[in-house]
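Engineer: got a predicted structure here, sequence first:
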Amino acid sequence: MFDTEKLRKDFAILKSGIVYLDNAASSLTPEPILQKMMEFYKEYRANVERGVHRLSQRASQEFEEAHRKVVGFIHAKEEEEVIMTRNTTEGINIIANGIEWHKGDRVLTTLLEHHSNFIVWLRLKRRFGVEVDIIRPSSEGILDPGAFEEAMTDRTRLVAVTHVSNVLGTITPIHKIAEIAHDHEVLLLVDGAQSVPHMPVDVQRLGCDFLAFSGHKMLAPTGIGCLYIRKELLDGIEPLCIGGGTIEEVTSEGYRLAPSPRRFEAGTPAIAEAIGLGAAIDYLQSIGMQAIAEHEMRLTEVICKGLSSIKGVRLLGPEDWRLRTGIVSFCIGDLNPHDIALSLDVSRGIMVRSGFHCAMPLHMEVLGAKQGSVRASTYLYNTKEEAERLVSAVEEIARAFI
């Protein structure tokens, strides 16, 4: 078990006394990571890969080291398999636009998905005549691997699925789905936005072909993310953008793209942000991803057990808290989720998310939550006392209005 109170001293925002439970949207950033980014601006502010002077050389070294840290963090095989992006959404779009699609090809996805891993595939239908098959989870948000087997056809080319639901915190059995997909020679893309920051993730063990995630959900700054592409598939993915830095050679007749990751990272990258991501990985690894996952499970138990005991409160997702990560969504009677979230902020200084959480089909078609829900999501700096404070505040709201 790690020392939460000691960690909290690194987060200046928490000194104001707020309870930050909106980590599924974006995490806070600790002082050591901010200092590492400021080091870039103060000591070696220069562009990367384009200069021989000492500042550019230092910036390039730090940027490349951030790449290497990501490779180790997700257990990729080669540095060329990791591409710096802006966020999970851009990573998914690189794959959606980088594959050569043909009319009649099929993509298999689910109603559990964030819009970023859903509407990109619907757009392929309009652009290329690609068909989209959709798996429906159970009422608790659980996906059955057998449903993927049944949905496979000889035209299925890609399965796109979330690792962890951003609404319910349910964990998808990725390795089983990967076995099914590869038995049918189908590619597997995993949305790792809610898993990579909160648990150990090993792309080799998962068996995925693509994995996308965001830095801003794992203590790093906004505007930086990563896309893993299995080495054997790199040449078959067309870059989303090309230009400065992506080429090996240019003539008046044409060009030859550089090897990965450069071929996918057009223009000046988010250098300070990438360095910040590398520092975030160092910070997380110093604590231990398994320790973080276990800490969040303890908080999830407190929140789920507490909220489920309150009259008028409906927990969304599995009744068994052990089937979740640190994400808990709920409704209070017919109250508007935004009103609940505002009340929690004003009365108790508790920050949560409200609405559809970019998962409207899940709320409307599976959960029956027509107004959306309130979502509390934990991270390494949250405490048992904060979890209990949330439960107490929700109980007050429910008692007053139900």
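Structural biologist: In hand now; what should we look at?
Engineer: quick check: closest non-adjacent residue to Tyr325.
Structural biologist: I think there's a mix-up here, since residue 325 is Thr and not Tyr. Excluding the flanking residues, the one nearest Thr325 by C-beta to C-beta, 6 or more residues apart in numbering is Gly169, at 4.3 Å. The way it works is simple: take the backbone N, C-alpha and C, and place the C-beta from them, glycine included.
Engineer: so who does the one you found touch?
Structural biologist: Residues near Gly169 by C-beta atoms under 8 Å, 6 or more residues apart in numbering: Gln194, Thr300, Gly317, Arg324, Thr325, Gly326, Ile327, Val328, Ser377.
Engineer: need these in a markdown table with secondary structure and distance to Gly129, can you?
Structural biologist: Below are those laid out as a markdown table (DSSP: H, G, I helix; E, B strand; the rest coil; distance: C-beta to C-beta, whole Å):
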| residue | secondary structure | distance to Gly129 |
| --- | --- | --- |
| Gln194 | coil | 32 |
| Thr300 | helix | 43 |
| Gly317 | coil | 35 |
| Arg324 | strand | 38 |
| Thr325 | coil | 37 |
| Gly326 | coil | 40 |
| Ile327 | strand | 36 |
| Val328 | strand | 40 |
| Ser377 | strand | 38 |
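Engineer: mind putting those residues into JSON lines with distance to Ala24 and pLDDT?
Structural biologist: Listed next are those as JSON lines, based on distance: C-beta to C-beta, whole Å; pLDDT from 0 to 100:
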{"residue": "Gln194", "distance to Ala24": "6", "pLDDT": "98"}
{"residue": "Thr300", "distance to Ala24": "12", "pLDDT": "98"}
{"residue": "Gly317", "distance to Ala24": "13", "pLDDT": "96"}
{"residue": "Arg324", "distance to Ala24": "12", "pLDDT": "94"}
{"residue": "Thr325", "distance to Ala24": "9", "pLDDT": "96"}
{"residue": "Gly326", "distance to Ala24": "8", "pLDDT": "97"}
{"residue": "Ile327", "distance to Ala24": "5", "pLDDT": "98"}
{"residue": "Val328", "distance to Ala24": "10", "pLDDT": "98"}
{"residue": "Ser377", "distance to Ala24": "4", "pLDDT": "98"}
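Engineer: with respect to Glu78, which of the residues you listed is nearest?
Structural biologist: When the contacts of Gly169 are compared for distance to Glu78 (C-beta to C-beta), Gln194 wins out at 25.6 Å.
Engineer: just give the closest residue to the closest one, not the sequence neighbours.
Structural biologist: Val164 (3.9 Å).
Engineer: Ser195 is in contact with that neighbour, correct?
Structural biologist: Yes - using C-beta atoms under 8 Å, Val164 is in contact with Ser195, at 4.5 Å.
Engineer: the helices in the stretch 251-400 of the chain, which residues?
Structural biologist: Using DSSP state H, counting those that start in this stretch, the helices found in the stretch 251-400 of the chain span residues 271-287, 289-308, 337-348, 360-361, 384-401.
Engineer: what is the end-to-end distance of stretch 122-135?
Structural biologist: Terminal residues of stretch 122-135 are spaced 14 Å apart (C-alpha to C-alpha, to the nearest Å).
Engineer: can you tell me what sits against that stretch?
Structural biologist: Stretch 122-135 is contacted from outside by 96, 101-111, 121, 143, 147-148, 151, 153, 155-156, using C-beta under 8 Å, 6+ apart.
Engineer: also stretch 43-61?
Structural biologist: Residues outside stretch 43-61 that contact it (C-beta under 8 Å, 6+ apart): Phe40, Glu62, Phe63, Gly245, Arg262, Thr268, Pro269, Ile271.
Engineer: buried subset of these as a ChimeraX selection?
Structural biologist: Buried residues within these, by 16 or more other C-beta atoms under 10 Å, are selected in ChimeraX with:
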select :40,62,63,245,262,269,271
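Engineer: which of the contacts of stretch 43-61 fall in strands?
Structural biologist: Assigned to strands by DSSP state E, none of these qualify.
Engineer: out of the contacts of stretch 43-61, which comes closest to Gly207?
Structural biologist: Among the contacts of stretch 43-61, and counting by C-beta to C-beta, the member closest to Gly207 is Arg262, at 26.8 Å.
Engineer: just to revisit the earlier point, what pairs with the residue nearest to Gln194 across the strands?
Structural biologist: Ile171 (DSSP bridges).
Engineer: re earlier: please list only the buried members of the contacts of stretch 122-135.
Structural biologist: Buried subset of the contacts of stretch 122-135 (neighbour count, 16+ other C-beta under 10 Å): 96, 101, 105-111, 121, 143, 147-148, 151, 156.
Engineer: picking that back up, what is in contact with Val164 and Ser195 at once?
Structural biologist: Counting by C-beta under 8 Å, 6+ apart, the common neighbours of Val164 and Ser195 are Ile171, Thr325.
Engineer: higher neighbour count, the two?
Structural biologist: Using other C-beta atoms under 10 Å, the more surrounded residue of Val164 and Ser195 is Val164, with 27 against 23.
Engineer: distance check, the more buried one against Leu227.
Structural biologist: Separation of Val164 from Leu227 (C-beta to C-beta, to the nearest Å): 18 Å.
Engineer: Glu31 too?
Structural biologist: 28 Å.
Engineer: so between the two, which is more surrounded?
Structural biologist: Under the criterion of other C-beta under 10 Å, the comparison of Glu31 against Leu227 puts Leu227 first, with 27 against 11.
Engineer: which one is that one nearest to, not counting chain neighbours?
Structural biologist: Nearest to Leu227 is Gly91, by C-beta to C-beta, 6+ apart, at 3.5 Å.
Engineer: on that earlier part again, relative to Arg205, which of the helices of the stretch 251-400 of the chain is closest?
Structural biologist: Of all the helices of the stretch 251-400 of the chain, it is helix 289-308 that lies closest to Arg205, at 13.4 Å by C-beta to C-beta.
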